[in-house]
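Undergrad: got a predicted structure here, sequence first:
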Amino acid sequence: MMQSLVRVLVPGPARRAVRARIDARYATKADLRQEIRALRQEIERLRTLVTATANGAKAADDAANARRLAEETAEALDHVLQNEVRLRQAVDGLAARLPATDTARTDSAR
């Protein structure tokens, strides 16, 4: 395929007018730089917002986890106290069955 290259001398004012019309269709480098700066600022703002939202969700998860652990601990302590009461009742029941001389020995051991 043969390409032809034609060079024509065009007066300066006409060349500048054509270039101005073509350049008017496109953004200038300064406009592009300004737009890139604005987009970077927007990205940074969104990144901060996402981080804050993630931290808030994590805090909510931590609070829910802390509440669950507190409830489980309270239930476990309740069971421990119930078992201790049962143990004391069993000891008192056994002490009541023993003769009076052994009761004095168990009371002094406490």
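TA: Perfect, thanks for sending it. This structure is a prediction, so every number in the text was calculated from the model and none was measured.

Undergrad: in what helix or strand does the residue nearest in space to the middle of the chain lie?
TA: Closest residue to the average C-alpha location of the chain: Ala54 at 3.1 Å, with CA atoms, centre = their mean. Per DSSP states H and E: Ala54 is located in helix 29-97.

Undergrad: look up how far Leu32 lies from Leu46.
TA: 21 Å (CB to CB, to the nearest Å). C-beta coordinates here come from the backbone N, C-alpha and C atoms, glycine included.

Undergrad: counting by contacts, list what the helix holding Ala54 packs against.
TA: Helix 29-97 sits against helix 100-109, with contacts defined as 3 or more CB pairs under 8 Å, 6 or more residues apart in numbering; DSSP states H and E.

Undergrad: where are the low-confidence patches of this structure?
TA: 1-6, 100-110 (pLDDT under 70).

Undergrad: the residue nearest to the centre of the chain and Arg67, how far apart?
TA: From Ala54 to Arg67 the distance is 20 Å (CB to CB).

Undergrad: just Lys29 next, same as before
TA: 57 Å.
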